[in-house]
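**Q** pasting a predicted model and its sequence here:
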Amino acid sequence: MYIKSREFIRQADVWRRGGISMKKRMLTAIGLSAMMAVSLAGCSTSVSVPDTVRVENVGDSSDGKITMDSSETVKIVPDMAKIVFAVTSEAKKADECQQKNTEALNSLTEYLKGQGIDEKSITTSGYSLNPRYDWSSDTRKLIGYEMQTEVTVSDVTVEQVGTLLSGGVNAGANEIYSVSYYSSGYDDAYAEALKKAVELARTKAQALAEASGRTLGDVVSIEEYSDNQYGRYIDGGVNLQKESVSMAAGAENAVEDMNVMPGEMEVDANIKIVFSMVD
């Protein structure tokens with residue numbers, strides 16, 4: 001694209017009538033081009049603003065605003081747990097396999113209720129019945145069936161976990177899929193994290209307003225980012241089969257030897273808040 005200006009045309013006419021040398025003509029043209037490039041470049045500006053802070057000043061001075069993204073974390077110690085057991089049975093016939101699984105499941109359920117677990121906190125969360133084949137020859141041979149039932153036990157106190165892990169295996173469970181810890185005080189901790197996030201945002205906004213010669217005003221709007229429900233739980237990292245759990249327990253009268261250390265969990269709160277600024 002070619003850009004023509006009155007100055008460029010006027011200078012060309014001077015060259016033609018004045019007999020200016022070719023070298024001077026080239027230097028003059030380069031200078032004019034550079035001046036035009038600088039002029040055009042000055043028409044566009046870009047300002048880099050931090051992602052977490054935005055200052056607006058549209059219209060008169062009373063319209064100034066400060067937008068802050070703020071987050072805070074509160075640490076708490078879990079006091080509750082959720083355990084997922086698995087009861088697996090094998091038999092040559094499907095009905096026999098189901099019967100064995102039902103008996104083991106009932107035994108586990110009765111044990112849990114005997115430990116003070118409410119029946120409403122015991123849930124069948126998975127169920128499967130599959131054929132078992134022998135693939136040692138060229139053709140497959142049906143040798144029986146395998147049935148597995150998953151049982152989720154919720155509302156377990158941390159103090160009960162060690163006993164239930166070992167005792168549950170002795171009562172009929174073949175595997176412990178997982179142990180997840182959570183806190184009954186999660187909502188209170190989340191409210192505290194929200195409060196701290198607002199206080200942090202206000203402190204930063206106050207400093208920015210004073211640095212710009214303004215006074216921090218009222219809150220214009222505040223937005224809470226979605227609470228991550230998965231953050232309510234922390235994984236205990238347990239996935240044990242019957243043999244390893246039994247070895248850890250040692251014997252039926254030593255089930256309490258399985259120590260449980262849930263550690264701490266972090267409760268995060270994230271907000272976006274807009275403050276006004278006044279003179």
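**A** Good, I have the coordinates. The structure displayed is predicted, hence computed values, not measured ones.
**Q** in the strand or helix carrying M277, what counts as buried?
**A** If you go by DSSP states H and E, M277 is part of strand 265-278. Buried residues in strand 265-278, counted by 16 or more other CB atoms under 10 Å: M265, V267, A269, N270, I271, K272, I273, V274, F275, S276, M277. Glycine gets a C-beta too; all of them are placed from N, C-alpha and C.
**Q** do stretch 81-97 as well
**A** Within stretch 81-97, the residues scored as buried using 16+ other CB under 10 Å are A81, K82, I83, V84, F85, A86, V87, T88, S89, A91, C97.
**Q** how about CSV for those residues, with distance to Y127 and secondary structure added?
**A** Output for the buried residues of stretch 81-97, formatted as CSV (distance: CB to CB, whole Å; DSSP: H, G, I helix; E, B strand; the rest coil):
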residue, distance to Y127, secondary structure
A81, 23, strand
K82, 19, strand
I83, 18, strand
V84, 13, strand
F85, 13, strand
A86, 11, strand
V87, 10, strand
T88, 12, strand
S89, 12, strand
A91, 16, strand
C97, 12, helix
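**Q** in those, find the pair that's most separated.
**A** A81 and A91 (32.7 Å; CB to CB).
**Q** hang on, isn't V153 packed against K120?
**A** No: between V153 and K120 there is no contact under CB atoms under 8 Å: 10.9 Å.
**Q** more neighbours, these two?
**A** A count of neighbours by other CB atoms under 10 Å puts V153 above the other of V153 and K120, at 25 against 8.
**Q** just checking, what packs against the strand holding M277?
**A** strand 65-76, helix 186-211, strand 215-224 (3 or more CB pairs under 8 Å, 6 or more residues apart in numbering; DSSP states H and E).
**Q** redo the ones you listed as a markdown table? Include distance to G126, mean pLDDT and mean neighbour count.
**A** Output for these, formatted as a markdown table (distance: least, CB to CB, whole Å; pLDDT from 0 to 100; neighbours: other CB atoms under 10 Å):
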| stretch | distance to G126 | mean pLDDT | mean neighbour count |
| --- | --- | --- | --- |
| strand 65-76 | 30 | 94 | 18 |
| helix 186-211 | 26 | 95 | 16 |
| strand 215-224 | 35 | 94 | 13 |
